[in-house]
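>>> Output the structure for:
(chains A and B)
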There are 2 protein chains.
Amino acid sequence: MVSNFYLPVEVFFGKGATQKVGEVARRFGFKGLIITGRRSSKENGSLQRVLDSLKKNGLQEILIYDKVKPNPTDESVNEAARLAVEEKVDFIVGLGGGSALDAAKAVSIVSSNEGSVWDYVKYPEGARLVPFYNRPVICIPTTSGTGSEVDRYSVISSPMRKEKLVVSHSLNYPKAAVIDPLNTLSMPPELTAITGFDALVHALESLTNRAQNFMAEEYAIKAIGLIARWLPVAVQEPDNLEAREKMSYAAMLAGIAIDHLGVAFIHTLEHPVSAHYPHVAHGAGLAALAPYITQYNYEYNKEKYALFAELMGYGNEAYRAVDALINLIETLGLPKNLKELGVEEGILDRLTEDVYMLSRHSFLVNPREPKELDEIRELYQRAYEGSL
Amino acid sequence: MVSNFYLPVEVFFGKGATQKVGEVARRFGFKGLIITGRRSSKENGSLQRVLDSLKKNGLQEILIYDKVKPNPTDESVNEAARLAVEEKVDFIVGLGGGSALDAAKAVSIVSSNEGSVWDYVKYPEGARLVPFYNRPVICIPTTSGTGSEVDRYSVISSPMRKEKLVVSHSLNYPKAAVIDPLNTLSMPPELTAITGFDALVHALESLTNRAQNFMAEEYAIKAIGLIARWLPVAVQEPDNLEAREKMSYAAMLAGIAIDHLGVAFIHTLEHPVSAHYPHVAHGAGLAALAPYITQYNYEYNKEKYALFAELMGYGNEAYRAVDALINLIETLGLPKNLKELGVEEGILDRLTEDVYMLSRHSFLVNPREPKELDEIRELYQRAYEGSL
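Purely as a prediction, here's the structure:
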């Protein structure tokens, strides 16, 4: 069994790391484009800190594209990519939560090649798009969940298609990740909980799915221990800098883990949910699904689910993984089922179809392989009703 | 405190990983140059396994440069670089112990640029030599010690100058590391001990020196635990594949640690020894120096030396780090002092001068900064006599 490890992202981690952005960006040219959301990076001061650092390093030609929404759309990626081409920017900075980071990476791919972003979802590895060049990207997370700052994924939504798909390619790594816990201090408790739960599910799914890679699994294991210990603290004490630091680190570790091992059914079943209900935050959708899917899965990889339960502080029996999740969701005030999220029962057939049409490759990755599509439909029903 | 992490090397790790070499090399072109030592890769079968994998992937134009000796010389690097230029090779494979790997990486730098290898020792970072290209290198270690397969260093000796200096540059990373414990199975116990001790000193020095980087330190800590547990087993049971696997992994982790944190006086004082006595193996020189330098250092970073002692199984007091080293050296049958190695007392003044002339930058990195050069002379004297 040969394990592979690849992390072509230079990581800068620690309080005040944002001050390094200018020094890093300077390597890549003169003119930059910052991709960010509409409000939070302005309100929490991180945008100003980034601009200050760029300016201090002689980088003054900076454009800002600030129209990225949660569950970023193909349209906004294509729009920002046109801007990058027309303005001939040398580098791109993604600043924000997973949406801004995913968008920034996809803007690089699209603006350095041709076509639009939907041409690159599910684009195969192998023949690399452009072997020698794509616009360098620096990712600066302001949440601690996504891991996008260290992985090759961009999750993009097409509102017209009602699909949420993934650009996954070795050219989609950022060149640098600047991870500064100070940028996460202003997250409200709800956002801390939602994004932190996303990181936990990254670690859980990469650890338990059928992919194998002992090096990457060590990152998942470390992340779970940190999240179990520090996520409740970060939610209850938003100003606790140690908790913020540990969560930033855990989210990064979990990002490295999914980059090598992928995810499983909690993610697979969530994507159609937020594709049809764009107001649903990814992490909230994960919470509404996680206990039911874990109940469905745990007997198929008892060793790893037992390890997860143990790391969460629930003894070392596999079935306790479900309890660990239910109790954490309760503690953090996350949604307990799909109904709570506003999902309608009438759409569950369609969600099931979407899983089959768009993501059936994951049937072989999830710990338990479904024998028929009804098992997926049943999982959605249980998650809708909240019945284990 | 901002920590940095950068590992632009794709790692393939595990039993049988050598079969991946052809698949990886194929990305880089058609014509390859294997840099290896005179005998061991032929005798242990690893060269044949590499050639088989290359051939299977359609790579048949393969040259072999097999004149690398332990403590590789500037002359042999320059000779192999001329071959790479004349034969227009697309990629380079380093196969062997640290000497072959260090040489292969330096051959890439020299053959992709100009001049000779001595132009690149102590070459400053910043203005990168060639921003877009140097010959890709694949490193395949057949020992478990050096860590060269994942770091930016090449230690090169100049017999004429009697100097041993380091090429340290971000262009000197290999593109890929293929780490196959099967390639280390044939190491005799003495070589296992010497190279494993090198890995341990990498971890010890990177952990305890004055550089700080919590991410890289985690690698050092993990390496020490593995080496303490598995190095004696690998020496006593050469065919124990689990021990070989753990040692290959530990050496890689320790390599990542020194890549980010550097080393300290055990390495600083060893380099002049093997520069003047090229028959001295680097790891043997380290063993002859380690207890005396640790005795000199431990009070200046008690916390980390205590952690080292604890990881070695000696309780958690700093002074026990010295005992841990002495006992391991005894167990492994490594040289206990410089006299045993054949070093002459009359050269100790010259070694001290060389430390000052070539490596005084390390005075600020070592846990304890010497106030005068006599302290270095005294350390050599103690290591010569074997008196703590």
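>>> Please determine how far the most centrally placed residue in chain A is located from chain B.
Geometric centre of chain A, nearest residue: A:T146, 3.0 Å, by CA atoms, centre = their mean. With distances taken as CB to the nearest CB, to the nearest Å, A:T146 is found 18 Å from chain B. Heads up, the C-betas are built off the backbone N, CA and C, glycines and all.
>>> Wasn't A:G94 part of a strand?
Yes - A:G94: assigned to a strand according to DSSP: H, G, I helix; E, B strand; the rest coil.
>>> how much space between the closest residue to it other than its chain neighbours and A:A318?
In space, and not counting its chain neighbours, A:G94 is closest to A:A104: 2.7 Å by CB to CB, 6 or more residues apart in numbering or on different chains. For A:A104, the distance to A:A318 (CB to CB, to the nearest Å) stands at 39 Å.
>>> which one of these two has more residues nearby?
Taking other CB atoms under 10 Å in any protein chain shown, A:A104 and A:A318 do not tie; A:A104 has more neighbours (33 against 22).
>>> hang on, the earlier thing: from memory the residue nearest to A:G94 sits against A:F91, does it?
No - using CB atoms under 8 Å, A:A104 is not in contact with A:F91, being 10.2 Å away.
>>> what touches both of these two?
A:V137 (CB atoms under 8 Å, 6 or more residues apart in numbering or on different chains).
>>> host element of the residue nearest to A:G94?
For A:A104, the element it lies in under DSSP states H and E is helix A:98-112.
>>> what is the mean pLDDT for that helix?
Here helix A:98-112 scores 95 as its mean pLDDT.
>>> next structured bit after that helix?
strand A:137-141.
>>> which residues of the stretch 251-388 of chain A fall in helices?
For the stretch 251-388 of chain A, helices defined by DSSP state H, counting those that start in this stretch occupy the ranges A:265-276, A:282-297, A:302-311, A:320-332, A:348-359, A:374-385.
>>> Just tell me which of these ends up closest to B:D349.
Of all these, it is helix A:302-311 that lies closest to B:D349, at 56.4 Å by CB to CB.
>>> list the helices and strands that closest one packs on?
helix A:189-208, helix A:214-236, helix A:320-332 (3 or more CB pairs under 8 Å, 6 or more residues apart in numbering or on different chains; DSSP states H and E).
>>> So which bits of the longest strand along chain A are buried?
If you go by DSSP state E, chain A has its longest strand at strand A:3-13. Buried residues in strand A:3-13, defined by neighbour count with 16 or more other CB atoms under 10 Å in any protein chain shown: A:3-7, A:9-13.
>>> Got phi/psi on A:D180?
phi -120, psi 110 (degrees, to the nearest 10).
>>> wait, doesn't it sit right on A:G14?
Yes - taking contacts as CB under 8 Å, A:D180 lies within contact range of A:G14: 7.1 Å.
>>> The two: which has the busier surroundings?
A:D180 (27 against 21).
>>> Now for that one: which residues touch it?
Taking CB under 8 Å, 6+ apart, we find A:D180 in contact with A:14-18, A:140, A:248.
>>> Show the buried residues in the residues you listed.
Buried among those by 16+ other CB under 10 Å: A:14-15, A:17-18, A:140, A:248.
>>> Now narrow these to whatever sits close to chain B.
A:14-15, A:17 (CB under 8 Å from any CB of the partner chain).
>>> need the residues of the stretch 251-388 of chain A near chain B, please.
Within the stretch 251-388 of chain A, no position is near chain B by CB under 8 Å from any CB.
>>> separation between A:A275 and A:V355?
11 Å.
>>> for A:L226, that is, sorry about that
31 Å.
>>> Repeat that for A:S41.
Here A:S41 is placed at a distance of 34 Å from A:V355 (CB to CB).
>>> Between those two, tell me which one has more neighbours.
More crowded of A:S41 and A:V355, by other CB under 10 Å: A:S41, with 26 against 23.
>>> show me the contacts for the closest residue in space to A:W118 that isn't next to it in sequence.
Take A:W118 and drop its neighbours on the chain: the residue closest to it by CB to CB, 6+ apart is A:D74, 5.4 Å away. Residues in contact with A:D74 (CB under 8 Å, 6+ apart) are A:116-118, A:156-158.
>>> switch to 6 Å and redo it
Neighbouring residues of A:D74 by CB atoms under 6 Å, 6 or more residues apart in numbering or on different chains: A:117-118, A:156, A:158.
>>> Can I get these in CSV including pLDDT?
Compiled in CSV, the contacts of A:D74 are given as follows (pLDDT from 0 to 100):
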residue, pLDDT
A:V117, 89
A:W118, 86
A:I156, 95
A:S158, 93
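>>> possible to save those as JSON lines with neighbour count?
Output for these, formatted as JSON lines (neighbours: other CB atoms under 10 Å in any protein chain shown):
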{"residue": "A:V117", "neighbour count": "25"}
{"residue": "A:W118", "neighbour count": "18"}
{"residue": "A:I156", "neighbour count": "26"}
{"residue": "A:S158", "neighbour count": "16"}
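>>> residue ranges with poor pLDDT in chain A?
Residues of chain A meeting the criterion pLDDT under 70: A:126-133.
>>> redo that, cut-off 90
Across chain A, the ranges flagged by pLDDT under 90 are A:1, A:27, A:40, A:112-134, A:169-171.
>>> Break it down into its structural domains.
A:10-184, A:189-385 (automatic domain parsing).
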